[in-house]
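S.K.: what follows is a predicted structure for the sequence shown.
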Amino acid sequence: MSKAECIICRYTYDPKRGDPKKDIKSGTEFENLPADWVCPICESKKNLFDKLE
């Protein structure tokens, strides 16, 4: 499971945690997030995230 980091605010999406505020369950890979998912901090779109190894 790879994490992804917002290039605007540096929020890190961790698939082990998911995004409970938006009903994204733990275990959800970044690539499998809904197309309309945005950063919970700055509301940047998915294309403004870099994958972390």
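M.R.: Arrived safely.
S.K.: low-confidence ranges in this protein?
M.R.: Applying pLDDT under 70 to the chain flags no residue at all.
S.K.: centroid-nearest residue for it?
M.R.: What sits nearest the mean C-alpha location of the chain, by C-alpha atoms, centre = their mean, is residue 13, with 3.8 Å.
S.K.: nearest spatial neighbour of that residue, chain-adjacent residues omitted?
M.R.: residue 4 (4.7 Å; C-beta to C-beta, 6 or more residues apart in numbering). Every residue, glycine included, has its C-beta placed from N, CA and C.
S.K.: burial measure for that neighbour, as a count.
M.R.: Residue 4 has 21 neighbours, counted by other C-beta atoms under 10 Å.
S.K.: so what's residue 38 up against?
M.R.: 44, 45, 46 (C-beta atoms under 8 Å, 6 or more residues apart in numbering).
S.K.: please name the nearest non-neighbouring residue to the first one.
M.R.: To tie it back to what came earlier, the one meant is residue 44. Counting by C-beta to C-beta, 6+ apart, the residue nearest residue 44 is residue 8, at 4.8 Å.
S.K.: again, but for residue 9
M.R.: Using C-beta to C-beta, 6+ apart, the nearest residue to residue 9 is residue 42, at 4.2 Å.
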